[in-house]
Structures are given as structure tokens and as C-alpha cells.
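> Predicted model follows, preceded by the sequence.
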Amino acid sequence: MPKKVLAIYDVPAITELLSRLLTTHGFIIMTANSSEDGIAITRKELPDVVILDQRVPGMDNWQVCHQIRQFSSVPILIFSVFDNPAMVASALDAGADDYLVKPVPDAVLIAHLNTLTRRAEMNKGNKLTTQTILISN
């Protein structure tokens, strides 16, 4: 089954480029060009992974991560031009699952998305197994 990716990015041309790239690799892509729209789409559409740009109109990406974490455990990948260890640590502490510094080769981005969605699927399976074990005991 194709994985749904939400790209929250401030530049519509970049979301279009990401959309074309990810579609060719079998992903279903949704886009938002503001933090508020991205949070609303995450809540409504339940993507399998969120790509969040460092600079998005509305809230900063830390606030977006906190907002999404209040209702979802969807993997969040921060996509940034800033290669600053303190910034990476802050993003991960805010709830992001991964952090990539642009530019990123297409194959690396796809590999990270596949890894994040695979882990999320495994976690869902583990929760189901744990619940099933608890119920059957």
C-alpha cells in the first residue's frame, strides 16, 4: 500500500518538486504551505510521515512538532538548511524523529522516509501484539 507523506513547506515550488519526486517513488503526497494548514491536514488525513521545513509561515517547526505530538505519533522529518548541532538537538527534543540538512540526494531522502514509515509500522504492530497479549491473559 502506498505511504502518505505530508510536506509542510513555505515555498509552493518546493512542495511541487517534492510531490513529483515522491510520487515517482510510489508515495501519495499531500502539501501545506503554512504550519496551521499542516497541522490541520495531519489531524484530518493521518499521513504516514510528515516532512517539515525549518522555516514555515505561522509557527516555528518546534511549535509545529509540539502541536502534532499532542494528537499523533506520526514520524516527523525536519528538512533544514541549518547544520547546527544545537538546532538538531532542539528539533529532536521537540518531537521530530529525524533531521536532514539540505541539499539531500533524492535516494537519501527516500531511504529516510522508508525507514521512518517502516519503524512506525513496526511500532503499530508491537502495540497490537502487546494489547492482544494483555487481553488474552
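Done, it's in.

> Low-confidence regions, this protein specifically.
Applying pLDDT under 70 to the chain flags the ranges 125-137.

> what helix or strand is the most centrally placed residue in it on?
Nearest residue to the geometric centre of the chain (Cα atoms, centre = their mean): V50, 2.1 Å. Secondary structure assignment for V50, by DSSP states H and E: strand 49-53.

> Can you identify each of the helices in this structure by residue range?
12-24, 35-45, 61-69, 85-93, 106-136 (DSSP state H).

> Tell me who's in contact with F71.
Going by Cβ atoms under 8 Å, 6 or more residues apart in numbering, F71 touches R43. From N, CA and C alone the C-beta is placed, and that goes for glycine too.

> just the helices of the chain: most buried one?
Highest mean neighbour count among the helices of the chain (mean count of other Cβ atoms under 10 Å): helix 61-69, with a mean of 20.

> Can you tell me how far V81 is from T15?
Using Cβ to Cβ, to the nearest Å, V81 is found at 16 Å from T15.

> meant to ask about A91
From A91 to T15 the distance is 20 Å (Cβ to Cβ).

> Same check on E45?
15 Å.

> go on, P75?
Distance of P75 to T15, given as Cβ to Cβ: 18 Å.

> and the end-to-end length of stretch 94-109?
21 Å (Cα to Cα, to the nearest Å).

> What are the buried residues along that stretch?
Buried positions in stretch 94-109, judged by neighbour count with 16 or more other Cβ atoms under 10 Å: A94, G95, A96, D97, D98, Y99, L109.

> The closest residue to V104 other than its chain neighbours bridge partners, please.
Nearest non-adjacent residue to V104, counting by Cβ to Cβ, 6 or more residues apart in numbering: F79, 7.5 Å away. In this structure, F79 bridges to D53, L100 when assessed by DSSP bridges.

> show me what contacts F79?
F79 is in contact with Y9, I51, L52, D53, Q54, L100, K102, V104, counting by Cβ under 8 Å, 6+ apart.

> out of those, who's nearest V64?
Using Cβ to Cβ, L52 comes nearest to V64 of those, at 5.9 Å.
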